[in-house]
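**Student:** Pasting the sequence and the predicted model now:
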Amino acid sequence: MLISIVVPLFNKSDYILATLKSILNQTYSNFEVLIVDDGSKDDGATKVKQIQDARIQLIQVPNGGVARARNIGIEKASGDLVCFLDADDLFHPLFLQTIVRMAEQFPDYGWYSTSYRRLADQQMNVEQLNTSGIDASVEVTDFYNQKINYGAFFCTNTVAIWRCHLNAMQPCFPVGESMAEDLDLWFRLAERFSLRHCSAELSAYRVGISNSLCANNTQTALWPAFLRLEQRALTGTISTELVNSAFSFVAYARIIEARKNLQNHSRLKCIQQLLSVHRGYREKRWWVTWVLVLCCSERMIANFEKNRMKPS
């Protein structure tokens with residue numbers, strides 16, 4: 001089974017060699033690496049060219065964003081399964097082996113994933129990952145309910161999808177969007193296929209980089225991926241088994257944005273978000289946020305959020 005690994009590269013010269021090393025250190029060796037250099041202005045592409053391995057392909061294109069870069073990688077892929085790895089993150093040596101084992105055991109599933117761990121730049125080391133449970137996996141039939149209960153239980157770096165499904169869904173990642181563009185694909189996959197998930201942490205996700213998109217995200221409005229999900233639920237294009245959990249998931253996202261606006265001293269925007277929550281009356285968080293916005297001072301709101309975020 002050939003695995004295609006798509007790596008979008010944009011100004012990550014300081015990290016790309018470590019990322020590629022984590023791929024080349026895989027215990028499963030039947031793979032190809034498609035590095036899509038998205039118009040980088042540093043010497044990342046030059047460093048890639050210095051690596052002598054026939055499995056690595058460098059594709060250089062004008063800057064068009066991470067979504068377009070991933071879509072180009074999918075178009076050029078030849079593998080049975082397609083994986084993704086950001087140019088500043090790492091695979092555990094057992095990642096591909098674990099993915100292939102799940103795909104061979106459960107070939108009828110549309111996609112596969114493992115867990116991951118966020119690590120600070122200076123702490124980046126796959127030896128810190130918890131690989132317990134690596135030989136087990138579970139079926140995820142209600143993706144939205146899973147997200148509500150467990151949050152980010154996987155990330156883009158820990159997903160593998162049958163290429164035939166991706167080809168039928170192109171453009172897989174919405175071009176022009178740089179936040180939640182991966183969630184858009186996961187939503188559409190979840191509405192078509194069950195996910196097989198392994199709880200072992202088999203990727204390290206680097207945090208604390210000054211020029212990363214996530215680090216610079218200050219958005220307090222709902223991302224387009226959630227708006228499209230909500231529209232599909234409203235128009236009945238999602239299966240009846242998933243509609244309620246899809247609405248709950250979008251409601252949860254809207255309430256989070258409402259609270260961000262509240263913390264940013266914008267009660268009006270918070271109220272507007274709350275009023276736009278479909279079936280909000282079913283959500284406890286919705287009612288709690290109304291109490292905060294209507295009855296609490298800014299100091300009380302700050303203390304509430306501070307205490308809520310404390311680890312239990």
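**Tutor:** Sure, I can see it.
**Student:** mind listing the helices for the stretch 51-200 of the chain?
**Tutor:** 66-76, 95-105, 143-150, 163-168, 181-190 (DSSP state H, counting those that start in this stretch).
**Student:** my bad, the stretch 201-312 of the chain
**Tutor:** Using DSSP H, counting those that start in this stretch, helices in the stretch 201-312 of the chain cover 224-235, 240-263, 267-275, 284-295, 298-308.
**Student:** Neighbouring strands of the strand ranked longest in the chain in the sheet, and parallel or not?
**Tutor:** Longest strand in the chain by number of residues (criterion: DSSP state E): strand 195-207. Applying DSSP bridges to the sheet, strand 195-207 is found paired with strand 90-91 (antiparallel), strand 111-120 (parallel), strand 138-140 (antiparallel).
**Student:** could I have it exported to PDB, CA atoms only?
**Tutor:** Taking C-alpha atoms only, strand 195-207 is exported to PDB below (Å, rounded to 0.1, in the frame of the first residue of the first chain):
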ATOM      1  CA  LEU A 195     -13.800   7.400  10.900                       C
ATOM      2  CA  ARG A 196     -11.500   4.900  12.500                       C
ATOM      3  CA  HIS A 197      -9.500   6.500  15.300                       C
ATOM      4  CA  CYS A 198      -6.500   5.400  17.300                       C
ATOM      5  CA  SER A 199      -5.900   7.200  20.600                       C
ATOM      6  CA  ALA A 200      -2.100   7.000  20.500                       C
ATOM      7  CA  GLU A 201      -0.300  10.300  20.100                       C
ATOM      8  CA  LEU A 202       1.600   9.900  16.900                       C
ATOM      9  CA  SER A 203       2.300  13.400  15.800                       C
ATOM     10  CA  ALA A 204       3.800  16.500  17.500                       C
ATOM     11  CA  TYR A 205       2.100  19.800  16.700                       C
ATOM     12  CA  ARG A 206       4.400  22.800  17.200                       C
ATOM     13  CA  VAL A 207       3.000  25.800  19.000                       C
END
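**Student:** Show me how far it is from its chain's centre.
**Tutor:** 11 Å (CA atoms, centre = their mean, to the nearest Å).
**Student:** what residues are up against the nearest residue to Ala136 once chain neighbours are set aside?
**Tutor:** Nearest non-adjacent residue to Ala136, counting by CB to CB, 6 or more residues apart in numbering: Cys198, 6.9 Å away. Every residue, glycine included, has its C-beta placed from N, CA and C. Residues near Cys198 by CB atoms under 8 Å, 6 or more residues apart in numbering: Thr98, Met102, Tyr112, Ser113, Thr114, Ser115, Gly133, Ile134, Ala136, Ser137.
**Student:** what's across from Cys198 in the sheet?
**Tutor:** So, taking DSSP bridges as the rule, Cys198 has Thr114 as bridge partners.
**Student:** how much space between it and Asp182?
**Tutor:** Distance, Cys198 to Asp182, using CB to CB, to the nearest Å: 19 Å.
**Student:** Let me see the domain layout of this protein.
**Tutor:** As recorded under automatic domain parsing, the domains making up the chain are 3-207, 224-308.
**Student:** Was I right to think Phe249 contacts Tyr144?
**Tutor:** Yes. Phe249 lies in contact with Tyr144 (CB atoms under 8 Å); the separation is 4.0 Å.
**Student:** Output the below-cut-off pLDDT ranges for this structure.
**Tutor:** Within the chain, the stretches with pLDDT under 70 are 209-220, 309-312.
**Student:** in it, what residue sits furthest out from the centroid?
**Tutor:** Cys295 (35.9 Å; CA atoms, centre = their mean).
**Student:** Reformat the helices of the stretch 51-200 of the chain as a markdown table; add mean neighbour count.
**Tutor:** Putting the helices of the stretch 51-200 of the chain into a markdown table (neighbours: other CB atoms under 10 Å) gives the following:
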| stretch | mean neighbour count |
| --- | --- |
| helix 66-76 | 22 |
| helix 95-105 | 20 |
| helix 143-150 | 17 |
| helix 163-168 | 16 |
| helix 181-190 | 21 |
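**Student:** out of those helices, nearest to Thr237?
**Tutor:** For the helices of the stretch 51-200 of the chain, the distance to Thr237 is smallest for helix 181-190, at 10.3 Å, taking CB to CB.
**Student:** now for the closest one, which elements pack on it?
**Tutor:** If you count contacts as 3 or more CB pairs under 8 Å, 6 or more residues apart in numbering; DSSP states H and E, helix 181-190 packs onto helix 143-150, helix 224-235.
**Student:** switch the cut-off to 6 Å
**Tutor:** Secondary-structure packing of helix 181-190 (3 or more CB pairs under 6 Å, 6 or more residues apart in numbering; DSSP states H and E): helix 224-235.
**Student:** Quick check: buried residues in the helix it packs on?
**Tutor:** For helix 224-235, a neighbour-count test (16 or more other CB atoms under 10 Å) marks Pro224, Ala225, Phe226, Leu229, Glu230, Arg232, Ala233 as buried.
**Student:** try stretch 74-88
**Tutor:** Those buried within stretch 74-88 under the rule 16+ other CB under 10 Å are 74-75, 77, 79-88.
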